[in-house]
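Asker: turn this into a model:
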Amino acid sequence: MFIEKKPNAAVESKKAKVVAEREPPVESTRKKDLQGLAFDDQSRRLSARQPADSTRLPQGEASYGAEPLGEVRRIFREADLPDRLVPTNLVAFTHDPGSGALTMTLRSSFTRKFNDQNTIRFEQVISGILRPGSFSGIRGIRRGMAEIDAMSRARSGVVSIHGRLGPVGKSVEFQDDTLPSLP
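Answerer: Numbers count the residues shown, from 1 in each chain. From the prediction side, this is the model:
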């Protein structure tokens, strides 16, 4: 036989459990719509710590909507790279001056012939690290099956484009004034 030492406390505890079972847990009423995903009615609950507008860019990152082409060309000139390497169909970009991370979004992908042997494909999103004299870690630019992984200033007036096909790398140099204009 079980004898309760504090019968009043046991009764209060049992009442609290019954009430908790009847009422659902209180959740935040703030929601963020996730339109464009698999289902139209999807939404995500926001925690109290997460700001309602979570579409902001990460701290230190800048996006220029007014004139993205002019801004990216200015950034390339400041990095001592020819601004002709920036496609004119640029619609948006993000740049983090601290790390040098640059992502460019183009209106559409395109192919451009640089010379008789080099035809380059530019994807719709191009990203890489922009530092003085080089644009490295590039994603979104290809030469046939080869990945273009860096563009750098070889010497005054000459740009070197580095590509990689498997373990073999190759560099091609272009005079600044012989670079084709990009759409």
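
Asker: any idea how far Thr103 is from Ile148?
Answerer: Distance, Ile148 to Thr103, by Cβ to Cβ, to the nearest Å: 16 Å. Where you see a C-beta, it was placed from the backbone N, CA and C, and this is true even at glycine.

Asker: and if you look at Ala146?
Answerer: With Cβ to Cβ as the criterion, Ala146 and Thr103 are 22 Å apart.

Asker: how about Val72?
Answerer: Val72 is 10 Å from Thr103, where distance means Cβ to Cβ.

Asker: quick check: neighbours shared by those two?
Answerer: Among the neighbours of Val72, those also in contact with Thr103 (Cβ atoms under 8 Å, 6 or more residues apart in numbering) are 93, 95.

Asker: the more surrounded of those two?
Answerer: Val72 (22 against 17; other Cβ atoms under 10 Å).

Asker: so what's the more buried one up against?
Answerer: With contact set as Cβ under 8 Å, 6+ apart, Val72 has these partners: 86, 90, 93, 95, 102, 104.

Asker: pretty sure the fourth one is touching Ala101, no?
Answerer: To tie it back to what came earlier, the one meant is His95. Yes - with contact defined as Cβ atoms under 8 Å, His95 counts as touching Ala101 (7.2 Å).
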